[in-house]
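Engineer: no FASTA, just this:
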Ligand code: ADP
């Protein structure tokens with residue numbers, strides 16, 4: 001499957017990282033007020049955390065140790081001094097009451113606190129496996145807050161809503177782009193990969209946004225306040241201040257070192273996940289063929305192999321994370337042990353009071369957590385940017401309407417001209433070579449030739465499903481590329497070889513060809529296409545709901561519906577790709593009669609194999625190896641004993 005090789009497997013360079021970050025930011029920019037509120041909430045949470053340990057010091061020093069209120073060998077930072085001044089003249093019991101009141105308020109407002117996602121967190125609550133797919137779905141419903149309590153609850157809910165909005169907007173955009181992409185895009189990469197991009201790569205947007213805007217700013221703010229407080233209040237213990245300064249670069253460097261290896265593993269994991277989805281999609285999409293050909297075992301083995309690969313890639317990614325976290329934990333433990341001895345020594349030496357141990361532990365703990373969060377940022381960002389790159393690849397592809405101009409043509413009065421057109425598929429297969437063809441309104445052209453000669457490709461050029469590599473397609477002298485896609489597709493109706501049936505009523509399925517068609521138009525089109533008798537036999541006639549893919553209908557019935565859809569459209573050009581392939585001779589005759597009437601008001605291009613259809617064409621074009629080798633009426637072409645058409649007819653007649 002070509003999409004398996006086609007994944008974005010190359011690692012992201014720093015330059016591309018910055019590019020992707022800039023694009024992601026531009027995408028979320030309309031939501032800047034929400035992001036600002038998110039940032040403010042995060043700052044408030046941090047301010048609360050930094051305030052909370054001080055009442056503990058007050059309790060230990062002025063209540064338990066009985067030191068005079070206000071006395072401290074280390075100065076209180078200015079943001080806590082007014083609270084201490086408030087306590088002057090109070091008895092130890094009154095101080096206890098004040099601290100209890102403050103603590104109660106703290107519990108209601110922020111409950112407990114942790115770092116980043118370690119407090120109030122929630123996700124989609126889906127059963128999560130070790131695969132990227134379920135993890136991404138959870139990520140699309142994820143929110144967190146550094147604190148809990150009322151503030152945490154509010155922040156969590158606010159963030160969840162923002163996350164949903166980002167994801168919804170991006171998913172809708174990618175889906176819309178996918179629908180507008182040229183048709184051959186989906187022959188190159190499977191639908192499974194496209195679904196993966198829409199569902200599992202898009203949630204990266206919210207992570208990228210928070211990782212760039214909220215996480216660094218709030219963590220840098222916290223680190224700055226902690227280091228400043230250490231300088232201000234604990235300058236008398238220089239080793240502690242130095243340690244606070246050193247902890248930051250040490251932890252940052254350790255995690256940055258691991259970034260490259262983690263990124264490669266993440267890419268491989270995503271790629272393997274997408275392969276698994278593509279294999280499942282391929283197997284299920286072709287379930288009839290798989291079962292009838294007895295290919296179940298082969299499909300199962302292929303899926304098993306891909307699924308195994310996906311898990312093993314993910315395990316390798318998780319292992320890298322475990323090593324990273326282990327390394328950082330070792331550094332953190334070493335620091336905390338050192339801090340413990342340093343604080344004990346300073347308290348025994350009288351350079352600080354016993355109450356200082358509380359704030360210092362909280363500060364160092366927060367310092368470590370915040371630095372780790374910052375260190376993990378680069379690699380988390382890279383991981384999420386892999387998803388964003390796959391999303392932007394879709395957004396960047398030129399959609400059909402972007403290749404076309406804006407001109408409109410009301411109807412086709414003269415004719416269609418295919419002028420020296422060549423076409424090569426994106427994979428390099430040359431199919432058409434300088435093909436020219438003229439068709440006037442009122443004419444029926446039959447394209448005949450062996451399978452693979454290029455008939456379908458040629459017919460795809462007319463509604464611009466594909467763009468010629470060289471040459472032009474003109475309607476009334478106007479290059480179809482100058483016409484808007486909507487206008488062109490309105491002028492050219494195309495009935496595909498494999499009819500598409502939607503989960504809707506019979507009437508609405510036919511009306512897709514012309515939403516203004518009256519009931520009488522529907523009945524007449526259905527009758528011409530030989531569909532009327534079976535529609536009348538359906539439980540509710542035209543109002544019968546057809547299931548997904550029209551599974552309740554036979555292939556021939558679906559084809560008749562698709563033909564009726566083409567006939568009911570008022571398009572001046574009607575292209576039918578092998579319309580009679582699945583019809584019995586009687587229905588085919590009826591269709592041939594109907595086509596006789598149709599061609600009077602339109603240009604009719606029919607790819608056909610059956611002689612009865614071909615014979616009535618005004619011109620028969622024999623396509624061979626990407627070129628039109630013969631053209632003319634049936635009788636004319638039959639005159640040439642060594643001609644390709646005559647050979648074709650003789651083969652047909654046995
Ligand atoms: P016909 O309709 O005459 O049977 P087609 O136009 O479908 O022929 O195909 C012509 C040639 O183009 C075939 O060799 C086929 O393999 C090739 N082809 C068709 N679709 C693609 C594609 N998406 N990518 C590459 N080659 C293609």
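Structural biologist: Done, it's in. As the structure is a prediction and not an experimental result, all values here were calculated from the model.
Engineer: rest of the way, CA atoms for contacts and neighbours
Structural biologist: Fine.
Engineer: show me where the stretch 451-600 of the chain has helices.
Structural biologist: Secondary structure of the stretch 451-600 of the chain (DSSP state H, counting those that start in this stretch): helices at 455-461, 485-491, 506-511, 519-528, 532-537, 555-568, 585-598.
Engineer: return the most buried member of these.
Structural biologist: helix 555-568 (a mean of 25; mean count of other CA atoms under 10 Å).
Engineer: one step back: any idea which of the helices of the stretch 451-600 of the chain scores lowest on pLDDT?
Structural biologist: Per-stretch mean pLDDT for the helices of the stretch 451-600 of the chain is lowest at helix 585-598 (a mean of 76).
Engineer: neighbouring contacts of it?
Structural biologist: Contact with helix 585-598 is made by 528, 529, 530, 567, 580, 604, 612, 613, as judged by CA atoms under 8 Å, 6 or more residues apart in numbering.
Engineer: next one, pLDDT for the last one please.
Structural biologist: pLDDT, residue 613: 82.
Engineer: now residue 230, nearest residue through space, not along the chain?
Structural biologist: residue 241 (5.8 Å; CA to CA, 6 or more residues apart in numbering).
Engineer: gap between that neighbour and residue 383?
Structural biologist: Using CA to CA, to the nearest Å, residue 241 is found at 34 Å from residue 383.
Engineer: before we move on, what about residue 204?
Structural biologist: Distance from residue 204 to residue 383, by CA to CA: 9 Å.
Engineer: compare these two (neighbour count), which wins?
Structural biologist: Ranked by neighbour count (other CA atoms under 10 Å), residue 204 and residue 383 place residue 204 first, with 26 against 23.
Engineer: can you put the contacts of helix 585-598 in a markdown table and add distance to the ligand?
Structural biologist: Shown next, in a markdown table, are the contacts of helix 585-598 (distance: CA to the nearest ligand atom, whole Å):
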| residue | distance to the ligand |
| --- | --- |
| 528 | 25 |
| 529 | 22 |
| 530 | 24 |
| 567 | 21 |
| 580 | 14 |
| 604 | 17 |
| 612 | 19 |
| 613 | 17 |
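Engineer: so which of those residues wins on neighbours?
Structural biologist: residue 529 (31 neighbours).
Engineer: what pLDDT does it get?
Structural biologist: In this model, residue 529 is scored at 82, pLDDT.
Engineer: correct me, but it touches residue 566?
Structural biologist: No - judged on CA atoms under 8 Å, residue 529 makes no contact with residue 566 at a distance of 9.4 Å.
Engineer: tell me the SS of the closest residue to residue 474 other than its chain neighbours?
Structural biologist: The shortest distance from residue 474 to any non-neighbouring residue, by CA to CA, 6+ apart, is to residue 417 (5.0 Å). Using DSSP: H, G, I helix; E, B strand; the rest coil, the structure places residue 417 in strand.
Engineer: for residue 417, grab the count of nearby residues.
Structural biologist: Residue 417: 20 surrounding residues under other CA under 10 Å.
Engineer: from residue 23, how far off is it?
Structural biologist: Using CA to CA, one obtains 42 Å as the distance from residue 417 to residue 23.
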